[in-house]
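Q: here are the coordinates; sequence isn't available:
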């Protein structure tokens, strides 16, 4: 998520030992004398058409910083890894950059990713380096002054772009989506619906919180946030009963409510998935793809810390993050389990014994483009097809855990039929021992009123619900249907899963890092 651009502050008094050229870009002393001016001494800095007015208070970047931002954008557009990782690494290597400069550059990068198709279409008509044209378009879109930065030719180019009616652009360009993805969304939602959805996905996501009901309640926390400062401006989420939405993106890391596990960052749609599973006190519950533990925390709170909650994942690294968050939440009923894969037979003794199973399956993540705009350029039809096999296998394995009368929820943060309805329908066809439940009725039973969908499957959309894009299918194992037992294997340890000394219930964990997830 890109930070909101901030206006530069008024000059501060120079520290005693500070010298010209030894200052950070936000007015604080630099750790590396002269580092901030090196880029501006380069010979390839374009000559701006006009100097910046010193009385202009709008956000701006110097020509040297713009070149550095251009190089970062070029690296991000290689798509060798996640954009947020690339941007964070870039800033770690430049400790002299202050908060304002980091914010301006990061927001420009994310705007260029969100609007890449449209900006690339415009940039084809410009002069100079392609990445520079993309950057200038992003800076202008974000309200950053181009005085002292854009050349005469670039200003003339902007005037030319102003004469192009946007509705004359090809639909995928207006949607800022790759052709294959636009075609899939248009086939599902129609052209107008696909464009509306794409526009919502191109906006920055709000900051949603979930109140840990073991520690407090929503009204109390909202009052505390309002008292903590005007930057929070909390309001209740429209649907999730424990959710709070903040107006901006304030830093939560040092807020006591966050530090002590009273609140967690979690998109409202993700909270609703936990509500759909609806675990009860004393039950045995499995979060089959727990990841960093966002939904595990929500499930544990709904269980009031009772019963047994297993958090499965194939990644030790992700479960290590979950362990930190669980310790902070005060939950005592969570068992973390690292699996080799979805068919790990260490869990076979749990077959038919679990009341509720959540399968938040690995997916394309295309419903989270508000937060991860690079995903639409990194995914492909081939990568989605590869994911489908994994989704089918994970769902079938998780289903074996559900006892008669128990509930199974399959969920993704995808918008694609092949990852959602197609997987759920195929599962039902292959598993007659399960029946489909109406997700909207299940939520309505908890006084969560959502506009009814076209099918019993839950579909959350940013332009309709204000959440990330989510899909969920709820199933129940028929009361007279016993689970199918997997074939025994001699090379697998048949030890039942049991608590050990490394579990979060018995071992304090380190504090969570300063970058909360929105899962």
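A: Yes, it's here. Values in this document were obtained by computation on a predicted structure and should not be read as measured data. Residues are numbered from 1 along each chain as shown.
Q: pretty sure residue 312 is in a strand, no?
A: Yes - assessed with DSSP: H, G, I helix; E, B strand; the rest coil, residue 312 lies in a strand.
Q: partner residues bridging it?
A: Per DSSP bridges, the residues bridged to residue 312 are residue 337.
Q: Please tell me I have it right and it contacts residue 340.
A: No - distance between residue 312 and residue 340: 11.0 Å, which falls outside the contact criterion (CB atoms under 8 Å). To be clear about C-beta, it is placed using only N, CA and C from the backbone, and glycine gets the same treatment.
Q: Comparing these two, which residue is more hemmed in?
A: residue 312 (27 against 10; other CB atoms under 10 Å).
Q: Against residue 187, how distant is the more buried one?
A: Per CB to CB, to the nearest Å, residue 312 is found 34 Å from residue 187.
Q: swap in residue 472?
A: 21 Å.
Q: do residue 240 as well
A: The spacing between residue 240 and residue 187, counted by CB to CB, is 30 Å.
Q: and those two? which has more neighbours close in?
A: For residue 240 versus residue 187, neighbours defined as other CB under 10 Å are more numerous around residue 240 (27 against 11).
Q: which SS class is the more buried one?
A: coil.
Q: Ramachandran coordinates for it?
A: phi -70, psi 130 (degrees, to the nearest 10).
Q: which residues sit in contact with it?
A: 208, 210, 268, 271, 272, 275, 448 (CB atoms under 8 Å, 6 or more residues apart in numbering).
Q: Output the longest helix belonging to the protein.
A: helix 179-201 (DSSP state H).
Q: Okay, strands next: where are they in the stretch 201-350 of the chain?
A: Per DSSP state E, counting those that start in this stretch, the stretch 201-350 of the chain carries strands over the ranges 207-211, 235-236, 243-246, 263-265, 284-287, 308-313, 334-338.
Q: Just name the most buried of those strands.
A: Stretch with highest mean neighbour count among the strands of the stretch 201-350 of the chain: strand 284-287 (a mean of 26; mean count of other CB atoms under 10 Å).
Q: can you give me the mean pLDDT across that one?
A: What strand 284-287 shows for mean pLDDT is 98.
Q: From the contact counts, what lies against it?
A: On a contact count with 3 or more CB pairs under 8 Å, 6 or more residues apart in numbering; DSSP states H and E, strand 284-287 meets helix 294-302, strand 308-313, strand 354-360.
Q: Paired strands for it, with orientation please.
A: Strand 284-287 has its sheet partners listed here by DSSP bridges as strand 308-313 (parallel), strand 354-360 (parallel).
Q: pLDDT weak spots in the chain?
A: 1-58, 481-518 (pLDDT under 70).
Q: any idea how it splits into domains?
A: What automatic domain parsing lists as the domains of the chain is 35-168, 172-201, 268-477.
Q: I'd like to check what contacts the longest helix of the chain. Which residues are they?
A: With CB under 8 Å, 6+ apart, helix 179-201 has contacts from 171-172, 174-177, 366, 369-370, 373, 376, 379-381, 415-417, 461-463, 469.
Q: ok, of these, which come out buried?
A: By neighbour count, with 16 or more other CB atoms under 10 Å, the contacts of helix 179-201 hold 171-172, 174-177, 366, 369-370, 373, 376, 379, 415-416, 461-462, 469 as buried.
Q: about what we covered before: can you list the contacts of residue 240 in CSV and add distance to residue 424?
A: As requested, the contacts of residue 240 are exported to CSV (distance: CB to CB, whole Å):
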residue, distance to residue 424
208, 26
210, 26
268, 22
271, 21
272, 17
275, 19
448, 21
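Q: Out of those, list just those in helices.
A: 268, 271, 272, 275.
Q: Any chance of TSV for the residues you listed, columns distance to residue 306 and neighbour count?
A: Shown next, in TSV, are the ones in helices among the contacts of residue 240 (distance: CB to CB, whole Å; neighbours: other CB atoms under 10 Å):
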residue	distance to residue 306	neighbour count
268	25	26
271	20	26
272	22	27
275	18	19
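Q: Closest to residue 66 out of these?
A: Distance to residue 66 across the ones in helices among the contacts of residue 240 (CB to CB) is lowest for residue 268, with 36.8 Å.
Q: Residue 332 contacts residue 307, correct?
A: No - assessed by CB under 8 Å, residue 332 is found out of contact with residue 307, at 10.7 Å.
Q: So for these two, which residue has more residues nearby?
A: Counted by other CB under 10 Å, residue 332 and residue 307 do not tie: residue 307 has more neighbours, with 18 against 15.
Q: what's the single longest strand in the protein?
A: The strand that spans the most residues within the chain, counting by DSSP state E, is strand 402-412.
Q: Go through it and flag the buried ones.
A: Neighbour-count burial for strand 402-412 flags 402, 403, 406, 407, 408, 409, 410, 411, 412 (criterion: 16+ other CB under 10 Å).
Q: what's the most distant pair in those residues?
A: Pairwise over the buried residues of strand 402-412, using CB to CB, the maximum falls at 403 and 412, 24.3 Å.
Q: who touches residue 286 in this structure?
A: For residue 286, the contact set (CB under 8 Å, 6+ apart) comprises 309, 310, 312, 350, 354, 356, 357, 358, 398, 401.
Q: Any chance of CSV for those, columns distance to residue 106?
A: Output for these, formatted as CSV (distance: CB to CB, whole Å):
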residue, distance to residue 106
309, 36
310, 37
312, 34
350, 44
354, 42
356, 39
357, 38
358, 33
398, 38
401, 42
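Q: which among the contacts of residue 240 gets closest to residue 230?
A: Proximity of the contacts of residue 240 to residue 230, judged by CB to CB, is greatest for residue 208, which lies at 18.9 Å.
Q: I'd say the closest one and residue 263 touch.
A: No - taking contacts as CB under 8 Å, residue 208 lies outside contact range of residue 263: 10.2 Å.
Q: Ramachandran angles for the most centrally placed residue in the chain?
A: Closest to where the C-alpha atoms of the chain average out (CA atoms, centre = their mean) is residue 371, at 4.7 Å. Backbone dihedrals for residue 371, given as degrees, to the nearest 10, come out at phi -100, psi -30.
Q: repeat for residue 306
A: Dihedral angles of residue 306 (phi, psi; degrees, to the nearest 10) stand at phi -100, psi 180.
Q: pretty sure it is touching residue 333, no?
A: Yes - Residue 306 is in contact with residue 333 according to CB under 8 Å; the separation is 6.1 Å.
Q: of these two, who's got more company?
A: Neighbour comparison, residue 306 and residue 333: the larger count goes to residue 333, with 20 against 14 (by other CB under 10 Å).
Q: list the buried ones in stretch 311-323?
A: Using 16+ other CB under 10 Å as the test for burial, stretch 311-323 gives 311, 312, 313, 318, 319, 321, 322, 323.
Q: out of those, who's nearest residue 253?
A: Using CB to CB, residue 321 is the member of the buried residues of stretch 311-323 that lies nearest residue 253, at 14.8 Å.
Q: Please name the nearest non-neighbouring residue to residue 239.
A: Closest residue in space to residue 239, ignoring its immediate chain neighbours: residue 448 at 5.6 Å, by CB to CB, 6 or more residues apart in numbering.
Q: just to revisit the earlier point, turn the strands paired with strand 284-287 into a markdown table, columns for distance to residue 111.
A: Shown next, in a markdown table, are the strands paired with strand 284-287 (distance: least, CB to CB, whole Å):
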| stretch | distance to residue 111 |
| --- | --- |
| strand 308-313 | 33 |
| strand 354-360 | 29 |
